[in-house]
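*Asks:* The sequence isn't on hand, but the structure is:
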């Protein structure tokens, strides 16, 4: 029994052992397979590691730049073979074991440059921004320009070291310097040639001007006109090249000085209107009257920008209109930003050309614009001048319909007196000597002004039109004349004693025939937006004093019945001959008046100017000025200096006119201390001018 039990127990144990042996054999097979897999993986890793080492070594050998990798302690990890061109005292294996960065570069960089580099490395390890920088140094007597870039290497969120890259820029910088030298030589050549060409060109322009002035031969005058036109075109091109050369060479400087925006706009408008006389294109301007009139900046360059943009508009606009707009924004107590735009109804610009419109020597749509003269520099010069003035320029255009250029510049402000308070509307000032283009011998005009000189000026301007002029020196006198006679147009002074022009106009409107007749206001204080204001009063339009001949012709064409207007038959005209005066007297008068400005208001007629000087002398106002000053009758004092302001401007006494304006505004604003200070110097200047006129007649 016991034997049987023992045998059974042994059989069971044996079975368990057999099962355990099988399990162990199975586990052993799994371990063998895992070991084989581990061996294969290790072999692969070892092979890949060797391949990576090989590639890293090849990269370091063939890399064209000096590359240094360091750990966070600035100990080298690896370095490109370029290093050995500059320092061969190290073995490659030394860098793998780690060499301090200072020791590595001590033989490459001078101590000062090395210290700067290590400071930047420390900053990079602190994760401070370290932008790339250029280092110029000398190694073995050779100049080298390195661009050095330092980047921080990260391992997860920890700093693992630095990547320091040296790129040799020597050849690139040398090429840039050679290009700059060549460009400078080109600019200097262009500038020198421009100056050399300008000398004979000025002589050509001047001599053609002399022929036009002195010759009575119509054929010669016609040829001279063509020479003058072609010469001015060539001179304009030369000026563009000269300006561009100056800008490129860094020699273009802004010449800042005091100026009045009213005068600038007037000059620009006069030039543009004169050039548009032969084209069916109208020039309009919308100028914000709140712009400060007295500015401090480069008036010449700002005028150049405007004339260039307006000149482009004229070139590419064969019919329609050109519009100049100007406004401002106050920056602080002494600066403002001027915003200007020039719009036209011309041929426009293709969208693909808008990107290159401001490029140098570029003319877009050349097939269509082959006949348009120019260098392609004008807009490039405008852009650079505008940027020099702290502004920018942009363009909007629709091909076939027109173009608008917008630009802005920063200007210093000398006084915040508004443009609308200027003594005359800048767009109504006269341009060059003007010739009437029609006549109206059957027309009759009534001119009303309390100033005899203003009446003579109006009569003289209307004379080429052969219009019969009737003069009235007051509002009541005008009513009487209108009741007795028939007129086609009335010119009415605004500021008159007893009855001003507005009251006289309203009374005429109530008389027989008064409702239909055009009445044009005459004023020496033509405000921006004055046209709308005078229309509100009941006037059809207004003219600024001094009266610009071109503006007068525009008014006559607009309001005279078309049946009265006749073309003028062209006749040969003798050149104007001036009568010489005693030298001393002529010099004294020349110092007191701007004869060129005066002739603009006198149709270029010296005889007319002589008549105006005589009338100015005849209407001496020293006694009323002294009387009203002593009586402190500032309202009548203001009326007298107001009248004298316009009269002085008509004969070219610009300084006297400006000083009269200052006294007028001082009286208007009750600045009595200013009047007390300026009255006597003003009288002295006035008497000096009267004396110069007297001496001229002797």
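*Replies:* Great, that's in hand. What you see is a predicted model, and the numbers here were worked out from it, not measured in a lab.
*Asks:* CA only for contacts and neighbour counts going forward, please
*Replies:* Fine.
*Asks:* May I ask which helix or strand encompasses the nearest residue to residue 299 once chain neighbours are set aside?
*Replies:* Ranked by C-alpha to C-alpha, 6 or more residues apart in numbering and with sequence neighbours excluded, the top spatial neighbour of residue 299 is residue 259, at 6.6 Å. Taking DSSP states H and E as the criterion, residue 259 maps to strand 257-260.
*Asks:* so the residue nearest to residue 299 sits right up against residue 295, yeah?
*Replies:* Yes - if you go by C-alpha atoms under 8 Å, residue 259 and residue 295 touch, sitting 5.6 Å apart.
*Asks:* Which one's more surrounded, the two?
*Replies:* A direct count of neighbours by other C-alpha atoms under 10 Å for residue 259 and residue 295 places residue 295 higher, at 23 against 18.
*Asks:* Now do the one helix or strand that one maps to: everything it contacts.
*Replies:* Residue 295 belongs to strand 292-297 when assigned by DSSP H and E. Contacts with strand 292-297, where a contact means C-alpha atoms under 8 Å, 6 or more residues apart in numbering, come from 254-262, 411-419, 422.
*Asks:* What strands line up against that strand, and which way round?
*Replies:* Paired neighbours of strand 292-297 in the sheet (DSSP bridges): strand 257-260 (antiparallel), strand 402-418 (antiparallel).
*Asks:* Return the most buried member of those.
*Replies:* For the strands paired with strand 292-297, the largest average neighbour count (mean count of other C-alpha atoms under 10 Å) is found in strand 402-418, namely a mean of 19.
*Asks:* Give me the contacts around it.
*Replies:* For strand 402-418, contacts defined as C-alpha under 8 Å, 6+ apart pick out 258, 289-297, 309, 334-349, 386-387, 389-397.
*Asks:* If you count contacts, what does the next helix or strand after that strand end up packed against?
*Replies:* Per DSSP H and E, strand 402-418 leads on to strand 438-439 as the next helix or strand towards the C-terminus. Packing partners of strand 438-439 (3 or more C-alpha pairs under 8 Å, 6 or more residues apart in numbering; DSSP states H and E): strand 566-567.
*Asks:* State the mean pLDDT of the strand it packs on.
*Replies:* If you average the pLDDT over strand 566-567, you get 84.
*Asks:* what's in contact with that strand?
*Replies:* 437, 438, 439, 440.
*Asks:* Of these, which one scores lowest on pLDDT?
*Replies:* Ranking these by pLDDT, residue 437 lands last with 82.
*Asks:* I figured that one was touching residue 568, is that so?
*Replies:* Yes - with contact defined as C-alpha under 8 Å, residue 437 reaches residue 568; the gap is 6.3 Å.
*Asks:* Please report the distance of the residue nearest to residue 299 from residue 297.
*Replies:* Residue 259 sits at a distance of 8 Å from residue 297 (criterion: C-alpha to C-alpha, to the nearest Å).
*Asks:* Not counting its neighbours along the chain, what's nearest residue 137?
*Replies:* According to C-alpha to C-alpha, 6+ apart, the nearest residue to residue 137 is residue 144 (5.4 Å).
*Asks:* follow-up on the earlier one: give the contact list for the residue nearest to residue 299.
*Replies:* Residue 259 neighbours (C-alpha under 8 Å, 6+ apart): 294, 295, 296, 297, 299.
*Asks:* Between those, identify the one with the most neighbours.
*Replies:* Within the contacts of residue 259, neighbour counts (other C-alpha under 10 Å) peak at residue 295, which reaches 23 neighbours.
*Asks:* thinking again about what came up before, show me what the next helix or strand after the strand holding residue 259 packs onto, helices and strands only.
*Replies:* Per DSSP H and E, the first helix or strand lying C-terminal to strand 257-260 is helix 261-275. Contact partners of helix 261-275 among helices and strands, from 3+ C-alpha pairs under 8 Å, 6+ apart: strand 292-297, helix 299-315.
*Asks:* Could you check the angle helix 261-275 makes with helix 299-315?
*Replies:* Computed by axes from the mean of the first three to the mean of the last three C-alpha atoms, to 10 degrees, the angle separating helix 261-275 from helix 299-315 equals 30 degrees.
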